[in-house]
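S.K.: how does the following fold in three dimensions:
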Amino acid sequence: MKTILEICREVADLAAVKRPNNLFNSSSQQDNIFLSVAKSSLDSLLRYGDWQELTKEAWFCTVGGKKQYRIKEIVPDFYCLLANTIYIKDSKERIMGAITAQQWMKEKYLCSIGTDIKFRIQNNRFIFLSEPPCGVKIVFQYRSDNIVWDFNTFEEKNTLTANTDVPIFDEYVVKLDILWRWLKRSGLDYSEEYNEYLRELKKRFGAEQAPQDICLAAKENITEGVSINEVKVCNSHQ
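M.R.: Here you go, the predicted model:
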């Protein structure tokens, strides 16, 4: 667990330049460059994909007479929704998904909406096609926009504000990212460092992701087993 200042100091050692003393020292141009590069690095990692470290679950209850719900008001650290993670929290826990544009047109112009709860996601809002019943609990997963946490309070934050802030992402990947960006900013060759960063980034990110979605649909010959990660799981007892 290393702070952003400690990581930048390690980068300075690798680049054979003077170590930064205070990333927020406005009078030091080099320290300001390190801060700028660190911010660019963390912002880029945030946008790379669905990091496990950023995945959170949230919920809200429907209110009578209300059809639109702004996600940012439900979760202030919202960055984006994770696909296929929305469901109604009741005895059946029915899985929900935003309808497509084609389905929306069909519901609007060709048939009645019916009693099922249906919604679309637009402008970071849940927009229900018809007024949902009051008190329905909707649960969903989302990606947080937090990139660091405070060393003393453990509070997550979406921007660097102190030398003691600790990146949420893997510190080695952050160090490699800052290194190649600092070399590029300084007009030096960074191709080798950049390629090393990409290798470690893909390795670290890929280790957290499932190789494929698991299909829950009924299939024939279920007794033969279900293939998960190329491993046969037999349903019958030996």
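S.K.: tell me who's in contact with the residue positioned nearest the centre of the chain.
M.R.: The centroid of the chain falls nearest to residue 143 when counting by CA atoms, centre = their mean (3.4 Å). Each residue near residue 143 by CB atoms under 8 Å, 6 or more residues apart in numbering is listed here: 50-51, 54-56, 79-82. The way it works is simple: take the backbone N, C-alpha and C, and place the C-beta from them, glycine included.
S.K.: bridged to it, which residues?
M.R.: residue 55, residue 80 (DSSP bridges).
S.K.: could you pull out the strands for the chain?
M.R.: 55-61, 68-70, 78-81, 86-88, 95-96, 119-122, 125-128, 137-144, 148-149, 156-157, 166-167, 226-228, 231-233 (DSSP state E).
S.K.: could you export those strands as TSV, including distance to residue 203 and mean pLDDT?
M.R.: Listed next are those as TSV, based on distance: least, CB to CB, whole Å; pLDDT from 0 to 100:
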stretch	distance to residue 203	mean pLDDT
strand 55-61	19	93
strand 68-70	37	95
strand 78-81	23	92
strand 86-88	31	80
strand 95-96	32	52
strand 119-122	32	84
strand 125-128	36	90
strand 137-144	20	91
strand 148-149	22	96
strand 156-157	25	96
strand 166-167	17	97
strand 226-228	22	39
strand 231-233	22	41
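S.K.: could you check the pLDDT of the closest residue to residue 184 other than its chain neighbours?
M.R.: Nearest residue to residue 184, sequence neighbours excluded (CB to CB, 6 or more residues apart in numbering): residue 190, at 4.8 Å. In this model, residue 190 is scored at 97, pLDDT.
S.K.: could you chop the chain up by domain?
M.R.: Using automatic domain parsing, the domain ranges for the chain come out as 4-50+147-206, 52-144.
S.K.: pick the most deeply packed of those.
M.R.: domain 4-50+147-206 (a mean of 17; mean count of other CB atoms under 10 Å).
S.K.: end-to-end on that domain?
M.R.: This stretch, domain 4-50+147-206, spans 24 Å end to end (CA to CA, to the nearest Å).
S.K.: on that earlier part again, in TSV: the strands of the chain, plus distance to residue 204.
M.R.: Compiled in TSV, the strands of the chain are given as follows (distance: least, CB to CB, whole Å):
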stretch	distance to residue 204
strand 55-61	15
strand 68-70	33
strand 78-81	19
strand 86-88	28
strand 95-96	30
strand 119-122	29
strand 125-128	32
strand 137-144	16
strand 148-149	17
strand 156-157	20
strand 166-167	13
strand 226-228	23
strand 231-233	24
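S.K.: for residue 46, find the nearest of the ones you listed.
M.R.: The minimum distance between residue 46 and the strands of the chain falls on strand 78-81, with 7.0 Å, by CB to CB.
S.K.: tell me what the closest one is packed against?
M.R.: helix 71-74, strand 137-144 (3 or more CB pairs under 8 Å, 6 or more residues apart in numbering; DSSP states H and E).
S.K.: got the CA coordinates for the longest one in PDB?
M.R.: What follows is the C-alpha trace of strand 137-144 in PDB, where atoms were taken according to Å, rounded to 0.1, in the frame of the first residue of the first chain:
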ATOM      1  CA  LYS A 137     -36.900  -2.100  -4.600                       C
ATOM      2  CA  ILE A 138     -34.700  -1.900  -7.600                       C
ATOM      3  CA  VAL A 139     -31.100  -3.200  -7.100                       C
ATOM      4  CA  PHE A 140     -28.300  -2.600  -9.600                       C
ATOM      5  CA  GLN A 141     -24.500  -2.700  -9.900                       C
ATOM      6  CA  TYR A 142     -22.400   0.300 -11.100                       C
ATOM      7  CA  ARG A 143     -18.900   1.400 -11.600                       C
ATOM      8  CA  SER A 144     -17.700   4.100  -9.100                       C
END
